[in-house]
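S.K.: Here is my input, please return the structure:
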Amino acid sequence: MGAGSPRWDCGGMLTTLSSRTETRLARAGFGVLALRVFDDTVLQPPAGVPVTERPLAALLPLAALALLAWAYSRLRGAARAALTILVGVLGIASGVDAVYYTQELGLRSQDVTGWLALPASVGLIGLAGATLWRTRRRTGRYLARRTALGAGGLVALAFGVMPFAVGYVKTHTARAVVPADRLGIPHETVSFESSDGLTLHGWYVPSRNGKAIIAFPGRSGPQDQARMLARHGYGVLLFDRRGEGRSDGQPNAMGWGGESDIKGAIAFLEARGIDRIGGIGLSVGGELMLEAATKTTKLDAVVSEGAGARTMAETFDLPGRPTHDRWLGAVQYALHDLGIFVSTGDTPPEHLGSLVEKIEQPTLLIAAPNTRNGEKLNRVYAEGSEAQLWEIPESKHIQAIKARPAEYERRVVGFFDEAL
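M.R.: Numbers count the residues shown, from 1 in each chain. Down below sits the predicted model:
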């Protein structure tokens, strides 16, 4: 070998100066990501979320990064590269929220480590590529094995690592600002507490008929429904769910734990003297309304529009899905759910199909079955329950009010008039 060529010891590790530099660079990158994790979970957690509420979000990644930093120089080149790519991809995911919130709100102190994590993660991925190049061998058998391992790694990245990373992002990003007020009707700006103690902010349209509807989630999507219901005398409460807009808490785009927000909204309306309360939920809000109906008897009627799958369990129920596609989707959903669990400490909610069977309140399911949002599941949810199902084949996801405005108003308002 020439003087500048890599040398291999019996363990397969590089022992040249370049391998020591590689180790230092990798450990520096791991250190930046560890700082990001510690900042996000311990130093600056979301408002209203104590450090003890999500211990795995800190302990698991910090322990994994420490173990990898210690073992790095003891691993073979391909293993080092594979693990470094894995960490790099997850590191990029950890910085996505910093980019989003900086664009929406300007740079905040909690975004600094997120911005630092991005170049560190890209650097780790680049370092992994350099490692693969420097530790290559030229034998045909070795090249074939590494090619096969590389192909397997890409599959694992696409179907394993990415769903986990998406789960992380869904628990760290939500609408950052209060949306434009397009209600066009008199309303109050209000705040109240969720049943687990978070402060939530929203708008309330006072009731003229002694009844009120919780329009969920957020203050943007349900504004059309709010105007429609207010025309018929109903009070309407719209609010930023946890981790969104001005409300406390950690975001969760899948809605896990969000029924506590609905329970808080019910308590707010009861304090206003409202004794007949309904709920209309859109997409994940529809799923949460169905769950909330099984957790409290104070929600007297539910309209759920656009409900679909929210955990691995529901993916098996989707009608017409090929078996292989169903199992592949289940694996991806399981890893996605794991990312949410590690990030929040929240366990997956109960299977939605089983919950709907327990609902005793009047329930209307609205679905656009030809979308790619899993809304055909509403057929499953309606089976074995007393829920009514209305399908609008030409509608887009949660756009039934635009697809059939007159019929939507007649059906939804008529449903609440009869149920409440």
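
S.K.: remind me which residues of this protein are low pLDDT?
M.R.: Within the chain, the stretches with pLDDT under 70 are 1-17, 136-156, 158, 316, 318-326.

S.K.: Walk me through the domains of it.
M.R.: For the chain, the domain assignment from automatic domain parsing gives the residue ranges 17-136, 188-310+349-419.

S.K.: Go through the ones you listed and name the closest to Leu338.
M.R.: Of all these, domain 17-136 sits nearest to Leu338, with 10.3 Å by CB to CB. No exception for glycine: its C-beta is placed from N, CA and C like everyone else's.

S.K.: How far does that closest one sit from its chain's centre?
M.R.: Computed by CA atoms, centre = their mean, to the nearest Å, the chain-centroid distance of domain 17-136 equals 20 Å.

S.K.: what do you get for stretch 251-263?
M.R.: 11 Å.

S.K.: Alpha carbons of it, as CSV, please.
M.R.: Output in CSV follows, covering the C-alpha atoms of stretch 251-263 (Å, rounded to 0.1, in the frame of the first residue of the first chain):
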residue,chain,number,x,y,z
PRO,A,251,-48.8,20.0,18.4
ASN,A,252,-50.1,16.6,17.2
ALA,A,253,-51.4,16.7,13.7
MET,A,254,-53.0,13.2,14.3
GLY,A,255,-55.0,14.6,17.2
TRP,A,256,-53.9,12.2,19.9
GLY,A,257,-55.1,13.5,23.2
GLY,A,258,-57.1,16.2,21.5
GLU,A,259,-60.4,15.0,23.1
SER,A,260,-59.2,16.9,26.2
ASP,A,261,-59.5,20.1,24.2
ILE,A,262,-63.1,19.3,23.3
LYS,A,263,-63.9,18.5,26.9
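
S.K.: As a markdown table, the domains of the chain with mean neighbour count and distance to Phe159 would be great.
M.R.: Formatted as a markdown table, the domains of the chain follow (neighbours: other CB atoms under 10 Å; distance: least, CB to CB, whole Å):
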| stretch | mean neighbour count | distance to Phe159 |
| --- | --- | --- |
| domain 17-136 | 18 | 13 |
| domain 188-310+349-419 | 21 | 17 |
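
S.K.: Nearest to Thr173, out of these?
M.R.: Among the domains of the chain, domain 17-136 comes nearest to Thr173, with 4.7 Å by CB to CB.

S.K.: Would you mind measuring from Arg76 to Leu132?
M.R.: 11 Å (CB to CB, to the nearest Å).

S.K.: quick one on the thing from earlier: distance to Ala334 for the domains of the chain - can I get that in JSON lines?
M.R.: Shown next, in JSON lines, are these (distance: least, CB to CB, whole Å):
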{"stretch": "domain 17-136", "distance to Ala334": "16"}
{"stretch": "domain 188-310+349-419", "distance to Ala334": "12"}
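
S.K.: how about those, which one is nearest Gly329?
M.R.: Judged by CB to CB, the one of those that comes nearest to Gly329 is domain 188-310+349-419, at 8.5 Å.

S.K.: Endpoint to endpoint, the closest one covers what distance?
M.R.: Length of domain 188-310+349-419, first residue to last, CA to CA, to the nearest Å: 26 Å.

S.K.: Grab the longest helix from the chain for me.
M.R.: Determined from DSSP state H, the single longest helix within the chain is helix 77-105.

S.K.: neighbouring contacts of the following helix or strand past that helix?
M.R.: Sequence order places helix 112-134 as the next helix or strand after helix 77-105, per DSSP states H and E. Applying CB atoms under 8 Å, 6 or more residues apart in numbering, the contact partners of helix 112-134 are 6, 14, 18, 22, 25-26, 28-30, 32-33, 35-36, 39-40, 77-78, 80-82, 84-85, 87-92, 94-99, 102, 107, 146.

S.K.: pull the CA atoms of helix 112-134 into PDB?
M.R.: Below are the C-alpha coordinates for helix 112-134, written out as PDB (Å, rounded to 0.1, in the frame of the first residue of the first chain):
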ATOM      1  CA  VAL A 112     -31.600  28.500  17.100                       C
ATOM      2  CA  THR A 113     -30.700  24.800  17.800                       C
ATOM      3  CA  GLY A 114     -33.000  23.700  15.100                       C
ATOM      4  CA  TRP A 115     -31.200  25.900  12.500                       C
ATOM      5  CA  LEU A 116     -27.900  24.500  13.800                       C
ATOM      6  CA  ALA A 117     -29.200  20.900  13.500                       C
ATOM      7  CA  LEU A 118     -29.800  21.400   9.700                       C
ATOM      8  CA  PRO A 119     -26.200  21.900   8.500                       C
ATOM      9  CA  ALA A 120     -24.900  19.400  11.100                       C
ATOM     10  CA  SER A 121     -27.300  16.800   9.700                       C
ATOM     11  CA  VAL A 122     -26.400  17.500   6.100                       C
ATOM     12  CA  GLY A 123     -22.700  17.300   7.100                       C
ATOM     13  CA  LEU A 124     -23.300  13.900   8.700                       C
ATOM     14  CA  ILE A 125     -24.900  12.600   5.500                       C
ATOM     15  CA  GLY A 126     -22.000  14.000   3.500                       C
ATOM     16  CA  LEU A 127     -19.600  12.400   5.900                       C
ATOM     17  CA  ALA A 128     -21.400   9.000   5.400                       C
ATOM     18  CA  GLY A 129     -20.900   9.300   1.700                       C
ATOM     19  CA  ALA A 130     -17.200  10.000   2.100                       C
ATOM     20  CA  THR A 131     -16.900   7.100   4.500                       C
ATOM     21  CA  LEU A 132     -18.400   4.700   2.000                       C
ATOM     22  CA  TRP A 133     -16.000   6.000  -0.700                       C
ATOM     23  CA  ARG A 134     -12.900   5.700   1.500                       C
END
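
S.K.: Alright, that wraps it up for me.
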